[in-house]
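J.: structure here, sequence nowhere to be found:
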């Protein structure tokens, strides 16, 4: 049991969206990554990054889209696709390396949505592609590597003087 330290009255609570979770129309949307965490696949033999994207425009601001990126999977093709997606996402937000999902949070980019048809679960959005927001200064691969090379220590081994 956990005490709430206050009493809530349903009649005083704001109304929700009445369960309207229709997928967004297919197309490109500007988003900010609000959450990213590693999860284990249902089968227990792989891992993926579960990403929450908050839509910032050009329409449907405030809507949320969820996407998964495979990082470890017994199916080599699924893993390859996941690594390609993670690479696209990283380049879109200007990261050359990622070792923690927290590094993705706060990144702004554009995602391409498609609609996945499903009679069983209802239609939903699939994140199909990633790109830098038009006009943003996402560094090119050559620009991304230059700062890392400059920051590497240039010390000589002790036996060289």
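T.: Cool, got the structure. None of these values were measured; they are calculated from a predicted model.

J.: what ranges in the chain fall below the confidence cut-off?
T.: Across the chain, the ranges flagged by pLDDT under 70 are 1, 16-20, 136-161.

J.: longest strand of it?
T.: Looking across the chain with DSSP state E, the single longest strand is strand 27-40.

J.: got the buried residues for that one?
T.: Neighbour-count burial for strand 27-40 flags 29-33, 36 (criterion: 16 or more other Cβ atoms under 10 Å). Yep, even glycine has a C-beta here, placed from its N, CA and C like the rest.

J.: contacts only, for residue 130.
T.: Applying Cβ atoms under 8 Å, 6 or more residues apart in numbering to residue 130 gives the contacts 85, 88-89, 91-92, 109-112.

J.: revised request: answer the last question for residue 89.
T.: 51, 69, 104, 107, 109, 130.

J.: tell me which of those residues is nearest to residue 43?
T.: Ranked by distance to residue 43 (Cβ to Cβ), the contacts of residue 89 are led by residue 69 at 16.8 Å.

J.: where's the closest one relative to residue 95, distance?
T.: 14 Å (Cβ to Cβ, to the nearest Å).

J.: for residue 28, see how far away the residue sitting nearest the centre point of the chain is.
T.: Central residue of the chain (Cα atoms, centre = their mean): residue 51, 3.9 Å from the mean position. Taking Cβ to Cβ as the measure, residue 51 falls 17 Å from residue 28.

J.: phi, psi of the residue nearest to residue 72 when sequence neighbours are not counted?
T.: Leaving out its chain neighbours, the residue that sits closest to residue 72 by Cβ to Cβ, 6 or more residues apart in numbering is residue 47, at 4.4 Å. Here is the backbone geometry of residue 47 (degrees, to the nearest 10): phi -140, psi 150.

J.: pull out the buried residues from the longest helix belonging to the chain.
T.: Longest helix in the chain, counting residues (DSSP state H): helix 76-93. Neighbour-count burial for helix 76-93 flags 79, 82, 85-86, 88-93 (criterion: 16+ other Cβ under 10 Å).

J.: right, I'll leave it there.
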